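>>> generate a structure from the sequence data that follows.
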Amino acid sequence: MEYFINCNSSTLAPYTTPLDELRAAHLYRRLGFSASVQTINAAVGQTADALVDTLMDQALATPPIAPPTWADWTNADYPADDDLAGQMRRAQREEFATAYGNAMLDNNLRDRLSFFWHNHFVTEIDIYNCNSFLYYYIENLQRNALGNFRTFVSEIGLTSAMLYYLDGVRNRGNNPNENYARELYELFTLGEGNNYTEDDIIETAKAISGYTNDGEEGCTQVTFDPEDFNTENKTIFGQTGNWNYDDVINILFTERANDIAWFICKKLYEFFVHPDSDDDAGNAQAIINGMAATFTANNFEIAPVLRQLFKSQHFFDEDAIGVIIKSPFDLYMHLVKETGFTYDDSTVINIVDAAGLIGQTMFDPFDVAGWQRDRQWINTNFIIGRWLTSEVFLERFFQDNPEQFRDFALALTGNDGLTSNNPDVIARPIIDKLLPKGLLTDGEYEKALIAFRSDVDETYYEGGATPSWTLAVWPTAPSQVYLLLRHLSREPEFQLK
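Okay, here's the model as predicted:
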């Protein structure tokens, strides 16, 4: 896979040119999990200003997943038999994974972001092992995904999932546990080693003590117990007082506002624009500075920062397109959304399972630092799995309904699909739909065109005395499209978005 240097020198000035097909598709690939031919066609000619506002407003208005029946269950609500209880918990997690997977496919930006925050405010279901904690954790991510970051930090830190995962439930006033305090600064707000000290961590641990659970660990929501709170004076970032949890958040966002803004905007930039924000060849540092200024000026509201970024010349620059490697969920969900193939809950859970096989297990990131993304997705352990699983999904779609492959190609080719007997005219739009910048060389296009022509005799493409091949009527056309998609799924460019 080619190493993409970030040479993007465009600015945060608004991108005012009406969107062409390339940039409309780019917007949907980055803000969601891509989109259908029809959706992209409808976006062509719109302005970035109008379309981004529409997508942002839709995301802000989308409610979280409704509480499942087990959202407030404790251990007492499960069967006494451990095997039966385990089966029930696994079934509930599959149910919720299906609901969240459908939300990611349906809600675009909101759950593109909630999944991003899942990899920022990391918890692992295997550690806290409680489905009710999982629901309220994901609900928090969804509800705050585009909201106020200061509020987000405060609320996520008090979810039972986080308090169990980072040992907050063991943080007693007379015996502080520093784990959550350390990650609050290192991973969630400031970045490793950035403008905090070990003493700040120790004192913060004392200030956020008291959110503890006595007795058996399990599915009992965590509450504050004043008996476990450290009542001494603490000094945090030079401020001294009998600080508590709310005080910690206030001091952090007052004393380290610029550090927080830079750290978060850098992560947003690398997720939505380019994985390399440190390269001197481009303009990334200036862009992050501008985003950070917007973040602090808007009292840490996330939406204004993203509106500015997504409407910018920098976001739509040619050097921003097709330079991020798809995550496992990107890989499968882009395929589903871009082709418009019919899917159901079984497809969604298959996506969840397949993503886990190649390094991205839903609700269970690798460790507290999260999935490392980008080049890690295509190492030698995973690239063959990406090829094989993509082919499995294509084969299932074809077995379910071959004609949807013809329909997909017809949606891309329009009248050409009805009248042209030139296979190259038909195949190229398919290639360019599924690959952000097409294939790199004419030789690679020729290989793809050969895969599309399949075993159809050349004379049928020439017309004249023989029956004339067209996409619309030729019996083998669906399988030709299928073979082309299989071929493309192994191309390096297919791994990019």
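
>>> and stretch 171-188, how far out from the chain's middle?
Relative to its parent chain, stretch 171-188 has a centroid offset of 28 Å by C-alpha atoms, centre = their mean, to the nearest Å.

>>> list the buried residues for that stretch?
Of the residues in stretch 171-188, those buried under the neighbour-count criterion (16 or more other C-beta atoms under 10 Å) are 171-173, 176-188. Heads up, the C-betas are built off the backbone N, CA and C, glycines and all.

>>> please list the members of these that lie in helices.
Among the buried residues of stretch 171-188, the members falling in helices (DSSP state H) are 179-183.

>>> got TSV for these, with pLDDT too?
Rendered in TSV, the data for those read as follows (pLDDT from 0 to 100):
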residue	pLDDT
Asn179	97
Tyr180	97
Ala181	98
Arg182	98
Glu183	98
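
>>> ok, those vs Ile251, which is closest?
Ile251 has its nearest neighbour among those in Ala181, at 12.5 Å by C-beta to C-beta.

>>> can you show me the helices along the stretch 51-200 of the chain?
Counting by DSSP state H, counting those that start in this stretch, the stretch 51-200 of the chain forms helices over residues 82-107, 109-118, 125-128, 131-144, 149-156, 160-165, 179-183, 198-207, given from the N-terminal end onward.

>>> what packs against the second one?
Read it as helix 109-118. helix 48-61, helix 82-107, helix 131-144 (3 or more C-beta pairs under 8 Å, 6 or more residues apart in numbering; DSSP states H and E).

>>> and the angle for the first one with helix 109-118?
Which is helix 48-61. Orientation note: helix 48-61 sits at an angle of 70 degrees relative to helix 109-118 (axes from the mean of the first three to the mean of the last three C-alpha atoms, to 10 degrees).

>>> which elements pack onto helix 48-61?
Using 3+ C-beta pairs under 8 Å, 6+ apart as the contact criterion, the secondary-structure elements in contact with helix 48-61 are helix 21-31, helix 109-118, helix 302-310.

>>> any idea of the angle the second one forms with helix 302-310?
In terms of direction (the same axes, to 10 degrees), helix 109-118 departs from helix 302-310 by 110 degrees.

>>> and the contacts of helix 109-118?
The set of residues that contact helix 109-118 without belonging to it, under C-beta atoms under 8 Å, 6 or more residues apart in numbering, is 31-33, 55-56, 58-60, 62, 100, 103-104, 138, 141-142, 144-146, 152, 271, 329, 363, 365.

>>> which among those residues count as buried?
Restricting the contacts of helix 109-118 to buried positions leaves 31-33, 55-56, 59, 62, 100, 103-104, 138, 141-142, 144-146, 152, 271, 329, 363, 365, with burial counted as 16+ other C-beta under 10 Å.

>>> give me the element the closest residue to Leu105 other than its chain neighbours is part of.
Computed as C-beta to C-beta, 6 or more residues apart in numbering, the closest residue to Leu105 that is not its neighbour in sequence is Met333, at 5.9 Å. When elements are assigned from DSSP states H and E, Met333 belongs to helix 328-339.

>>> where in the protein is pLDDT low?
Within the chain, the ranges that satisfy pLDDT under 70 run 1-4, 214-218, 279-281.

>>> how is it carved up into domains?
Per automatic domain parsing, the structural domains of the chain span 22-60+258-320, 328-495.

>>> now the first one: how far from the chain's centre is it?
It refers to domain 22-60+258-320. Offset of domain 22-60+258-320 from its chain centre (C-alpha atoms, centre = their mean): 14 Å.

>>> same question for the longest one.
Average the C-alpha atoms of domain 328-495, do the same for its chain, and the two points are 21 Å apart (C-alpha atoms, centre = their mean).
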